[in-house]
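> Could you work out the structure for the sequence below:
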Amino acid sequence: MKSVLVLGGNGFVGSAICKEAISHDWKVTCLSRGGKPRYDLSADWISKVNWVKGDATNLNDVGNEMQNVSAVIHCIGILYEFSGNTFAKFNRDSAIIPASEAISKYPNIKHFLFISPS
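Numbering: from 1, shown residues only. Just a heads-up that it's a prediction; the model follows:
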């Protein structure tokens, strides 16, 4: 079975990616600051995702989830800065840190897809 780690999978784009991957029989793990989404919990696909609460800029959080996947899809992003949440942290660092980790430590990861919010 193919497996994917979706970073930011409980947002608009990420949830669509999770749903699509589940429909193609992929094993899906989603790492996000909020963990399991708080909306539409009755949707069948939500119970099929392994929801993990974590931070994509934290090497321990990301590394723990990269061990058993063959692909990573990054879809974290903000459209405006607020309360110390900067474009640099969300749109850049949250992609560079996991991508560097995947390249340097996890040969099982064959694909890293970055979806930009801008």
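
> switch to C-alpha atoms for all contacts and neighbour counts from now on
Will do.

> least trustworthy helix or strand in the chain by mean pLDDT?
When the helices and strands of the chain are compared on mean pLDDT, DSSP states H and E, helix 87 comes out lowest with a mean of 87.

> which strands and helices sit next to that helix?
Helices and strands touching helix 87, by 3 or more CA pairs under 8 Å, 6 or more residues apart in numbering; DSSP states H and E: there are none.

> Stretch 89-107: which residues count as buried?
For stretch 89-107, burial by neighbour count (16 or more other CA atoms under 10 Å) applies to Lys89, Phe90, Asn91, Ser94, Ala95, Ile96, Pro98, Ala99, Ala102, Tyr106.

> And the residue of the chain positioned farthest from its centre, what's its pLDDT?
Distance from the C-alpha centroid of the chain, by CA atoms, centre = their mean, peaks at Ser83 (22.3 Å). pLDDT for Ser83: 89.

> what about it, distance to Gln67?
Separation of Ser83 from Gln67 (CA to CA, to the nearest Å) stands at 33 Å.

> ditto for Ser42
For Ser42, the distance to Gln67 - CA to CA - is 29 Å.

> Same check on Gly77?
Taken as CA to CA, the span from Gly77 to Gln67 is 24 Å.

> Could you check which of those two has the larger neighbour count?
Counted by other CA atoms under 10 Å, Gly77 and Gln67 do not tie: Gly77 has more neighbours, with 21 against 15.

> Doesn't that one lie inside a helix?
No: counting by DSSP: H, G, I helix; E, B strand; the rest coil, Gly77 is not found in a helix; it is coil.

> What residues does it make contact with?
Phe87, Phe90, Asn91, Ser116, Pro117 (CA atoms under 8 Å, 6 or more residues apart in numbering).

> where's it relative to Trp45, distance?
23 Å.

> again, but for Gly9
13 Å.

> low-scoring stretches of the protein, by residue?
Flagging of the chain using pLDDT under 70 yields the residue ranges 41, 118.

> Strands of that one, start to end?
Assigned by DSSP state E, the strands in the chain fall at 3-7, 27-32, 49-53, 71-74, 111-114.

> All good on my end, thank you.
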